[in-house]
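Asker: here is my input; please provide its structure:
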Amino acid sequence: MKYKKIIDLILVLIVLILLARIASLLAAESIDSKLERDKGIIKGAEPISIYKNSTKSVLLLHGFAANPYSMKELADFFSENDYNVYAPLLPGHGTSAFDMEKYSWRDWQNKSEESYLMLRNTSKDVYVVGVSMGADLGLNLAKKYDINGLIIINAPYNLKTNIIYAAPVVYFTQKYFIKNIFLADDDMTLSEEYRIYSIIPVKSVYDILDLIHYTDTDLDKVNETILIIQSDKDSLVDPSSADIIYSLIKSNDKKLIRLENSTHIYFTDQDKFKIQKEILNIIK
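Answerer: Next up is the predicted model:
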């Protein structure tokens, strides 16, 4: 009788887990179906390519679950200063969260490298700008290639949110986080404008953690000119990350600036001006 109760309890737990996973999948499909797409790409999330007939180019790398639309203001800024600009759409991004889980962080890194080499083949100088996850991708490029300058914004080293570390447990009950766990409420409205996924595959959380670990293990290989930008009100990345990265890289020409009033993806007009001013000091 005792063993029968244990077996019954196990069966009930299995049924509850299956129901939770089914509910998670149905909710994810419902949310995903509401996104407008053109040829499979969320409208506005397409790659950005601006050619200015210049010998100088900038590679813009977007963040996790985001897409090139979030880099549009930076793209326009560089274009106005006569730089060729390319912001690739990283694999699994800008389409569907169901696509995202088909790829790993190595696919994102490979796409970044492919894009960098494309610009390097046609440009005398190539600068790389990465935001959040894109910053880590840029740091990894700098370990391998002679980049003319690197600008990283809110690069993750230490994270503030602990829920992502529960991914192994969560995966038993659901395949998707129905709300973007990487963003605080004050960033959620802007995330809709930027077409950032509101559904996050649990499997992809493993990938971003693996990327952060891979990036952080040998930062002493980075010796390029670098500008590190960190928002003090970042709800995802612990602001101490910028100090740690600054101390670990071996660049002789490096600078760290802080943004007092900006968050992980929202930047005040005052801070935007500050970013642009500092970037011009790096690339000119």
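Asker: so where's the stretch 151-284 of the chain uncertain?
Answerer: Counting by pLDDT under 70, the stretch 151-284 of the chain contains low-confidence residues at 162-173, 178-193.
Asker: quick one, strands of the chain?
Answerer: With strands called from DSSP state E, the chain shows them at 37-38, 41-42, 48-50, 56-61, 84-87, 125-131, 149-153, 176-177, 200-201, 226-231, 254-259.
Asker: could you export those as JSON lines, including mean neighbour count?
Answerer: Every residue, glycine included, has its C-beta placed from N, CA and C. As requested, the strands of the chain are exported to JSON lines (neighbours: other C-beta atoms under 10 Å):
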{"stretch": "strand 37-38", "mean neighbour count": "12"}
{"stretch": "strand 41-42", "mean neighbour count": "19"}
{"stretch": "strand 48-50", "mean neighbour count": "16"}
{"stretch": "strand 56-61", "mean neighbour count": "26"}
{"stretch": "strand 84-87", "mean neighbour count": "24"}
{"stretch": "strand 125-131", "mean neighbour count": "25"}
{"stretch": "strand 149-153", "mean neighbour count": "25"}
{"stretch": "strand 176-177", "mean neighbour count": "24"}
{"stretch": "strand 200-201", "mean neighbour count": "25"}
{"stretch": "strand 226-231", "mean neighbour count": "24"}
{"stretch": "strand 254-259", "mean neighbour count": "16"}
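Asker: among the ones you listed, which comes closest to Val237?
Answerer: Closest of those to Val237 is strand 226-231, at 7.5 Å (criterion: C-beta to C-beta).
Asker: which neighbouring elements make contact with that closest one?
Answerer: Strand 226-231 sits against strand 149-153, helix 240-248, strand 254-259, helix 269-283, with contacts defined as 3 or more C-beta pairs under 8 Å, 6 or more residues apart in numbering; DSSP states H and E.
Asker: kindly export stretch 212-229 (C-alpha atoms) in PDB.
Answerer: C-alpha atoms of stretch 212-229 as PDB (Å, rounded to 0.1, in the frame of the first residue of the first chain):
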ATOM      1  CA  ILE A 212      28.900  34.900 -20.600                       C
ATOM      2  CA  HIS A 213      31.100  32.200 -19.000                       C
ATOM      3  CA  TYR A 214      33.000  31.700 -22.300                       C
ATOM      4  CA  THR A 215      33.600  35.500 -22.700                       C
ATOM      5  CA  ASP A 216      34.700  36.100 -19.100                       C
ATOM      6  CA  THR A 217      37.300  33.400 -19.000                       C
ATOM      7  CA  ASP A 218      40.100  35.000 -21.000                       C
ATOM      8  CA  LEU A 219      39.400  38.800 -21.200                       C
ATOM      9  CA  ASP A 220      43.100  39.400 -20.900                       C
ATOM     10  CA  LYS A 221      43.300  38.600 -24.600                       C
ATOM     11  CA  VAL A 222      41.500  41.900 -25.300                       C
ATOM     12  CA  ASN A 223      44.100  44.700 -26.100                       C
ATOM     13  CA  GLU A 224      42.200  46.900 -28.500                       C
ATOM     14  CA  THR A 225      41.100  50.500 -27.900                       C
ATOM     15  CA  ILE A 226      37.900  50.100 -26.000                       C
ATOM     16  CA  LEU A 227      35.100  52.200 -24.500                       C
ATOM     17  CA  ILE A 228      33.100  50.600 -21.800                       C
ATOM     18  CA  ILE A 229      29.700  52.100 -21.100                       C
END
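Asker: and the contacts of that stretch?
Answerer: Stretch 212-229 has contacts (C-beta atoms under 8 Å, 6 or more residues apart in numbering) with 105, 136, 139-140, 142-143, 146-157, 159, 242, 245-246, 248-259, 275, 278-279, 282.
Asker: how far is that stretch from where the chain is centred?
Answerer: Offset of stretch 212-229 from its chain centre (C-alpha atoms, centre = their mean, to the nearest Å): 16 Å.
Asker: residues in contact with stretch 240-256?
Answerer: So stretch 240-256 is contacted by 139, 152, 155-158, 216, 219-230, 258, 278, 282 (C-beta under 8 Å, 6+ apart).
Asker: span of stretch 98-113 from start to end?
Answerer: 24 Å (C-alpha to C-alpha, to the nearest Å).
Asker: pull out the buried positions in that stretch.
Answerer: Using 16 or more other C-beta atoms under 10 Å as the burial criterion, the residues of stretch 98-113 that qualify are 98, 100-101, 103-105, 108-109, 111-112.
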